[in-house]
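J.: predicted structure and sequence below. I'll ask about it afterward.
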Amino acid sequence: MTQIKKDGFTFDLGPTIVMMPEEYMDIFKSCGRNPKDYIEMVKLDPMYNVFFGENLERKYEVSNDIVKLTSMLGNISTDDTEGFFRFLSDIYTRFRIAEKHFIRKSFRKPSDFFNPKTLVQGLKLKTFDSASNMLSKYVKNKDIQSMFSFQTLYIGVSPKKGPSFYNIIPMIELLYGIWFIKGGMYSMAKAMEKLFLELGGKIHYGEEAEEILFEGESCRGIALKDRDISSDFVLCNDDFPYAVKHLIKDPERKGKYQDEKIDSMDYSCSCLIFYFGLQGEVSELEVHNFIISRDIDKNLDQIFEGEKLEDPSFYLFFPSKIDPSLAPKGHTGIYALVPVSNLGSAKYEYSAKTIEEYRSAIINRMKKIPGLDNVEERIVSETVIQPQDFKEKFHSYNGTCFGLQPTLTQSNYFRPQPKWKEAEGLYFCGSSTHPGAGVPIVLESGRLASEEVIKDYGYE
């Protein structure tokens, strides 16, 4: 949740779509603060545009206004409109079950999960179907199917392989809306920093933890380059696979997560992101826009099978359209994200040549969008972040952007939990831990971890 500043343009480096706004606000409410004193949120309508077709001739405006949504879907197919609302009802029911029994609780010991009540609730989630296959049972139109299934890529898993439960993502968009935080997502990070300091916290910037230290079976602190820091407990939010592999040196303290297991686990996709500063303004597009590949099934297969993408889908974000302070006057900032294979699965290198090929592919598609026909000539600033950058700068294992894939065998109890079983006083949070990836869910992982600390230490 950091940012890039260059040539007068400001971009969020990573996350940009604000969902589940209550999760953001609860951070401040839980500390007795008014969220409005820390962040300013604006609801977007429409939420985004989705483009399909050889020449991107099929454009849909997706709104969570029920009248606008019904009209948009009805213009495609009234039968599918009926089916889509039945789909929403079904997945909302599952969401309520998951929220109560899985998302908002951790599994400290096996019996917390393997008990009749929890297992019965788990069966109600019907997780053995894939997200795209579940939706296809309610909706036959391919555009609608693609429009409301690509969202599993927000957490780095293909809708063709991800459990059907992850259809909650488009459902959450439609039932709770998509929001924008003034100043970008980085404003949330700065607001949390402000709150933490107000509460008496101390932050040591520019000092990298090199090892988690143990004494017998208890965690006793961390080692920096020049000194050790002792503490009652350690809460680690470094990417879990990296942390266990590189920060826990003692094999006995790694437990079942030995290096071989970490290497063999399933990881999410990565991203290639271009940050373009554009001369002039673009009035024809929304803040969020999705350009879908001409063959989305092939595109998804190539991402997760490590093949070079022939016709990538991509996402365009125009932050300065809603917050003009993020670009020089009379200019537009464009964030262009391409979901790509992570470093562990890619059968090719992210060389300068490869990156240029992807750049050309998305620029050529962008030129087909009204308002962007001369986009290349208008670029006055450019930055790119690729999978190797995520690995080196953020300790993201295999350069993924979303941590461990949320497969059935890497979800709920089977995902790394907040409390570490192999040593007292060590806790984890972040996208590779329970309950999973995506900013609001990662915030939830932090809450679960803090609750585990309070159980053990009684802090208030």
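T.: Right, received. Where do you want to start? Residues are numbered from 1 along each chain as shown.

J.: make it CA atoms for all contacts and neighbour counts henceforth
T.: Noted.

J.: give me the domain ranges for the protein.
T.: The chain resolves into domains spanning 62-177, 204-266+407-457 when parsed by automatic domain parsing.

J.: reformat these as a markdown table; add mean neighbour count and mean pLDDT.
T.: A markdown table is the format used below for the domains of the chain (neighbours: other Cα atoms under 10 Å; pLDDT from 0 to 100):
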| stretch | mean neighbour count | mean pLDDT |
| --- | --- | --- |
| domain 62-177 | 18 | 93 |
| domain 204-266+407-457 | 18 | 96 |
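
J.: would you turn those domains into JSON lines with distance to residue 7?
T.: Output for the domains of the chain, formatted as JSON lines (distance: least, Cα to Cα, whole Å):
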{"stretch": "domain 62-177", "distance to residue 7": "29"}
{"stretch": "domain 204-266+407-457", "distance to residue 7": "25"}
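
J.: ok, which of these comes nearest residue 25?
T.: Closest to residue 25 of the domains of the chain is domain 204-266+407-457 (Cα to Cα; 10.2 Å).

J.: any buried residues in stretch 322-330, and which?
T.: Neighbour counts over stretch 322-330 (16 or more other Cα atoms under 10 Å) mark 322, 324, 326-328 as buried.

J.: do me a favour and get the end-to-end distance for that stretch?
T.: The first and last residues of stretch 322-330 sit 14 Å apart, counting by Cα to Cα, to the nearest Å.

J.: any idea of the mean pLDDT in that stretch?
T.: What stretch 322-330 shows for mean pLDDT is 96.

J.: other residues contacting it?
T.: The contact list for stretch 322-330, computed with Cα atoms under 8 Å, 6 or more residues apart in numbering, reads 8-11, 182-183, 277, 279-281, 287, 319-320, 333.

J.: quick one: it to chain centroid distance?
T.: 25 Å (Cα atoms, centre = their mean, to the nearest Å).

J.: over to stretch 213-231?
T.: 31 Å.

J.: and the end-to-end length of it?
T.: OK, stretch 213-231 end separation, Cα to Cα: 10 Å.

J.: so which of the domains of the chain gets nearest residue 376?
T.: Nearest of the domains of the chain (Cα to Cα): domain 62-177, 27.0 Å.

J.: who does residue 383 form a beta bridge with?
T.: residue 275 (DSSP bridges).

J.: just use 50 as the starting number from now, easier for me
T.: All set: I'll call the first residue 50, so the last point we hit is now residue 432.

J.: and the pLDDT at it?
T.: 98.

J.: so what's the residue count around it?
T.: 13 (other Cα atoms under 10 Å).

J.: is it true that residue 176 touches residue 214?
T.: Yes - Residue 176 lies in contact with residue 214 (Cα atoms under 8 Å); the separation is 5.7 Å.

J.: now residue 77, nearest residue through space, not along the chain?
T.: Among residues not flanking residue 77 along the chain, residue 84 sits closest, at 5.4 Å (Cα to Cα, 6 or more residues apart in numbering).

J.: can you count the residues close to that neighbour?
T.: 19.

J.: separation between it and residue 495?
T.: 18 Å.

J.: next: residue 322.
T.: Taking Cα to Cα, one finds residue 322 at 27 Å from residue 495.

J.: residue contacts, the residue nearest to residue 77?
T.: 74-75, 77-78.

J.: which other residues reach stretch 341-351?
T.: Residues contacting stretch 341-351 (Cα under 8 Å, 6+ apart): 99-103, 195, 207, 209, 357-363, 390.

J.: contact partners for the closest residue to residue 323 other than its chain neighbours?
T.: Nearest-residue entry for residue 323: residue 433, 4.5 Å, with adjacent residues in sequence omitted and distances by Cα to Cα, 6+ apart. For residue 433, the contacting residues are 321-324, by Cα under 8 Å, 6+ apart.

J.: I'd like these laid out as TSV, including pLDDT, neighbour count and distance to residue 117.
T.: As requested, the contacts of residue 433 are exported to TSV (pLDDT from 0 to 100; neighbours: other Cα atoms under 10 Å; distance: Cα to Cα, whole Å):
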residue	pLDDT	neighbour count	distance to residue 117
321	98	23	33
322	98	24	31
323	98	22	32
324	98	25	31
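
J.: which one of those residues is nearest residue 53?
T.: Closest to residue 53, out of all of the contacts of residue 433 and judged by Cα to Cα, is residue 324, at 8.6 Å.

J.: I figured that closest one hits residue 428, correct?
T.: No - using Cα under 8 Å, residue 324 is not in contact with residue 428; the gap is 10.0 Å.

J.: any idea how far residue 152 is from residue 356?
T.: From residue 152 to residue 356 the distance is 33 Å (Cα to Cα).

J.: cool, and residue 192?
T.: Distance from residue 192 to residue 356, by Cα to Cα: 24 Å.

J.: what helix or strand does residue 109 sit in?
T.: strand 107-111 (DSSP states H and E).

J.: same for that strand, what does it pack against?
T.: strand 97-101, helix 115-125 (3 or more Cα pairs under 8 Å, 6 or more residues apart in numbering; DSSP states H and E).

J.: who's in contact with the last one?
T.: Helix 115-125 is contacted from outside by 109-112, 129-130, 190, 193, using Cα under 8 Å, 6+ apart.

J.: the shortest one now?
T.: Contacting residues not belonging to strand 97-101 are listed as 106-112, 192, 196, 334-343 [Cα under 8 Å, 6+ apart].

J.: 6 Å - rerun?
T.: With contact meaning Cα atoms under 6 Å, 6 or more residues apart in numbering, strand 97-101 is reached by 107-111, 337-341.

J.: out of these, which end up buried?
T.: Listed as buried from those are 109-111, 337-341; burial here means 16+ other Cα under 10 Å.

J.: can you say which of the domains of the chain is nearest to residue 404?
T.: domain 111-226 (20.0 Å).

J.: doesn't residue 387 lie inside a strand?
T.: Yes - counting by DSSP: H, G, I helix; E, B strand; the rest coil, residue 387 falls inside a strand.

J.: just checking, it touches residue 363?
T.: Yes - the pair residue 387 and residue 363 qualifies as a contact (Cα atoms under 6 Å) at a distance of 4.6 Å.

J.: model confidence for the closest residue to residue 54 other than its chain neighbours, exactly?
T.: Nearest residue to residue 54 in three dimensions, chain neighbours excluded: residue 60, at 6.5 Å (Cα to Cα, 6+ apart). Per-residue pLDDT puts residue 60 at 97.
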